[in-house]
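Trainee: Here is the input, now give the coordinates:
(2 chains)
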There are 2 protein chains.
Amino acid sequence: MSPTEPHIITEVRELRGWAEQMRAEGRRIALVPTMGALHEGHLSLVRLAHARADRVVVSIFVNPTQFGPNEDLKHYPRDLASDLSRLRGNGVDVVFTPSVREMYPEGGATWVEVERLGEGMCGRHRPGHFRGVTTIVARLFNVARPHVAVFGEKDYQQLVVIRRMARDLLFDLEIVAGPTVREPDGLAMSSRNAYLTPEARQQARALNAALHEVRELVRSGELDSKRLVAAARNRIEKEPLAEIDYIEIRDAGSLEPLSRLDRRAVLGLAVRVAATRLIDNTILEAV
Amino acid sequence: MSPTEPHIITEVRELRGWAEQMRAEGRRIALVPTMGALHEGHLSLVRLAHARADRVVVSIFVNPTQFGPNEDLKHYPRDLASDLSRLRGNGVDVVFTPSVREMYPEGGATWVEVERLGEGMCGRHRPGHFRGVTTIVARLFNVARPHVAVFGEKDYQQLVVIRRMARDLLFDLEIVAGPTVREPDGLAMSSRNAYLTPEARQQARALNAALHEVRELVRSGELDSKRLVAAARNRIEKEPLAEIDYIEIRDAGSLEPLSRLDRRAVLGLAVRVAATRLIDNTILEAV
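Mentor: Sure, this is the predicted structure:
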């Protein structure tokens, strides 16, 4: 782990130059794209990056194009000082914190979009969201020129979409997935957990509890998606502040809807708990 | 000019490795993307590339995603042996001739699309065309990793769209435009000229003649787009085999339609001559 402070870069031009030099020296670069408001989940991705490369870049950029018009772009938590202090001592070489103008110099008429994979689940509830994600990630890839890019499994659909985008556009890099990190009571770590009132925070435990119940049902032989989804729904609907966006079971690779667990699957869900939208997921494998 | 034969590469993996090595050695790479059926216009782009870089890659790939369902993908002229013999002695280091499977390994769910710029002109008559172009060009950029990429001004809208795509996605390269090369009688060189019967070939001269007439009118003070377009239309409609797709005057940079030549403009046209679709354009500048 590097004991030194990470170098803060705000300009595309400077990061390009740094990456070019690292590559010329034969160093492997890992990129961890984030929107800041860093928590232990992000730090686990940084540690994965550190293990896979010689140099680690963490980007902190609240990407406007992945927020819908009624979403929380304006209020998304931003605290650079706190983010930097969390990164300290974790072997980060560069923190890239560009302005919106720097990443979208002419407003950005060009979109990178993955068909189908981004359409259901969160895509249905957040139209344009994944298009914004793949567009900014392609830009970040072109600037940081990483050999490895690390994304969290908590955003499972995002991970599948980005993996596909990187493969399709023939980006010469490896996508690495980091396991979801949870609070002691099971709630998946998320920057948006900060929005939760104590009461909502308490009820938000239902998401992980529902995933746990479904895994137990699968273990006991239940393979019917409708019944598994119903069990998750029942668990979450016990919480008065919880409002379900979706609960779905899909093929873990192609994200095709599955009526029966006849292959590796993912159960993904999104729930608004007192207006804060939380997501979580679990892999389901029939044995 | 290199006297040696260009090295033929068919695999993404091999071109990647070659580009990485060239970059490690500090060589500047130029890419000239083509669909083959090479003519003097392409060779002029190769010479531009050669003047701007240490190593020149010519890609030859008939990209299926930029053809519409009723277009000439199947019949597009393909003659690798003749293309290679034309490239000989022109300082080309690598000819990249991948298969469709190599460029679209999983069919390709990911699209790169530029809003607006690709919508009018050829975009209206060839829906999805520019999306196919930008998608394949982004892939080629990611594989050949050029410092410079050269495109012909004959495909003016394509040039503007690609320039914008490269800038928006923060590709670290320079787009260079090569002037249109013409036959002695003024017809712009195009691989599709090979489709023309002698009679159609004769009538196809009307495209350049129309551009010439419009430039003369502008020189004499006519700045009204409608009247300039009408003059071009009249000239082309004299040819019984000619059927106009469009004739338009637009801002040369933004491609916004212009009713009056109050800034640098482009007159673009597409005409079917006995079913062969030809395009041409000219820059118009009021003095």
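Trainee: I'd like to know which elements the helix or strand bottoming out on mean pLDDT in chain A is packed against.
Mentor: Of all helical and strand segments in chain A, the minimum by mean pLDDT, DSSP states H and E falls on helix A:122-125, at a mean of 88. Where contact means 3 or more Cβ pairs under 8 Å, 6 or more residues apart in numbering or on different chains; DSSP states H and E, helix A:122-125 is packed against helix A:129-144, helix A:156-168, strand A:242-251, strand A:265-273. The C-beta positions use only the backbone N, C-alpha and C, and glycine is treated the same way.
Trainee: So which bits of the stretch 101-250 of chain A are right by chain B?
Mentor: Applying Cβ under 8 Å from any Cβ of the partner chain, we find that the stretch 101-250 of chain A lies next to chain B at A:103-106, A:108-117, A:134-135, A:138-139, A:142-143, A:164-165, A:167-172.
Trainee: Look at residue A:215 and give its secondary structure.
Mentor: At residue A:215 the chain is in helix, as set by DSSP: H, G, I helix; E, B strand; the rest coil.
Trainee: Verify the stated contact: it with residue A:282.
Mentor: Yes - here residue A:215 reaches residue A:282: they are 6.1 Å apart, a contact under Cβ atoms under 8 Å.
Trainee: So for those two, which residue has more residues nearby?
Mentor: residue A:282 (20 against 16; other Cβ atoms under 10 Å in any protein chain shown).
Trainee: which residue sits closest to the more buried one in space, ignoring its chain neighbours?
Mentor: residue A:211 (4.2 Å; Cβ to Cβ, 6 or more residues apart in numbering or on different chains).
Trainee: How about the contacts made by the one you found?
Mentor: A:232, A:267, A:269, A:280-282 (Cβ atoms under 8 Å, 6 or more residues apart in numbering or on different chains).
Trainee: Narrow the residues you listed to those that are buried.
Mentor: A:232, A:267, A:269, A:280-282 (16 or more other Cβ atoms under 10 Å in any protein chain shown).
Trainee: Specify which member of those is nearest to residue A:23.
Mentor: Residue A:23 has its nearest neighbour among the buried ones among the contacts of residue A:211 in residue A:281, at 34.7 Å by Cβ to Cβ.
Trainee: and that closest one, what does it touch?
Mentor: A:153-154, A:156, A:180, A:211, A:266-269.
Trainee: Please repeat the previous calculation with a cut-off of 6 Å.
Mentor: Contacts here follow Cβ atoms under 6 Å, 6 or more residues apart in numbering or on different chains; on that basis residue A:281 touches A:156, A:266, A:268.
Trainee: Check those against residue A:242 and report the nearest one.
Mentor: For those, the nearest to residue A:242 is residue A:268 (15.9 Å; Cβ to Cβ).
Trainee: Could you pull up phi and psi at the closest residue to the closest one other than its chain neighbours?
Mentor: Sequence neighbours aside, residue A:281 is the residue nearest to residue A:268 in space, at 4.3 Å (criterion: Cβ to Cβ, 6+ apart). The phi and psi values for residue A:281, taken as degrees, to the nearest 10, are phi -160, psi 160.
Trainee: how far away is residue A:281 from residue A:154?
Mentor: Residue A:281 sits 7 Å away from residue A:154, going by Cβ to Cβ, to the nearest Å.
Trainee: Please apply the same query to residue A:284.
Mentor: Taking Cβ to Cβ, one finds residue A:284 at 16 Å from residue A:154.
Trainee: Of these two, give the one with the bigger neighbour count.
Mentor: For residue A:284 versus residue A:154, neighbours defined as other Cβ under 10 Å are more numerous around residue A:284 (24 against 21).
Trainee: What's opposite the more buried one in the beta bridge?
Mentor: residue A:265 (DSSP bridges).
Trainee: check contacts around it.
Mentor: Contact analysis of residue A:284 by Cβ under 6 Å, 6+ apart lists A:218, A:261, A:265, A:267.
Trainee: which of the residues you listed lies closest to chain B?
Mentor: Using Cβ to the nearest Cβ, residue A:265 comes nearest to chain B of the contacts of residue A:284, at 20.0 Å.
Trainee: Is that closest one in contact with residue A:255, as I believe?
Mentor: No - counting by Cβ atoms under 6 Å, residue A:255 is not a contact partner of residue A:265; they are 9.9 Å apart.
Trainee: between the two, which one's more packed in?
Mentor: residue A:265 (27 against 24).
Trainee: Could you report the separation of that one from residue A:256?
Mentor: For residue A:265 relative to residue A:256 (Cβ to Cβ), the value is 10 Å.
Trainee: intersection of neighbour lists for these two?
Mentor: With Cβ under 6 Å, 6+ apart, residue A:265 and residue A:256 have no common neighbours.
Trainee: Return the distance of the helix or strand in which residue A:19 is found from the chain's centre.
Mentor: Using DSSP states H and E, residue A:19 sits within helix A:12-24. Relative to its chain's centre, helix A:12-24 lies at 25 Å (Cα atoms, centre = their mean, to the nearest Å).
Trainee: likewise stretch A:198-218?
Mentor: The answer for stretch A:198-218 is 19 Å, by Cα atoms, centre = their mean.
Trainee: Pull the number of nearby residues for the residue lying closest to residue A:254 once chain neighbours are set aside.
Mentor: The shortest distance from residue A:254 to any non-neighbouring residue, by Cβ to Cβ, 6+ apart, is to residue A:117 (7.7 Å). Using other Cβ under 10 Å, residue A:117 has 25 neighbouring residues.
Trainee: Hmm, residue A:255 and residue A:117 touching each other?
Mentor: Yes - with contacts counted by Cβ under 6 Å, residue A:117 reaches residue A:255, the gap being 5.4 Å.
Trainee: shared neighbours, these two?
Mentor: Joint contacts of residue A:117 and residue A:255 (Cβ under 6 Å, 6+ apart) are residue A:160.
Trainee: residue contacts, the closest residue to chain B within the stretch 1-150 of chain A?
Mentor: Nearest to chain B, among the residues of the stretch 1-150 of chain A, is residue A:110, at 3.6 Å (Cβ to the nearest Cβ). Counting by Cβ under 6 Å, 6+ apart, residue A:110 makes contact with B:114, B:165, B:168-169.
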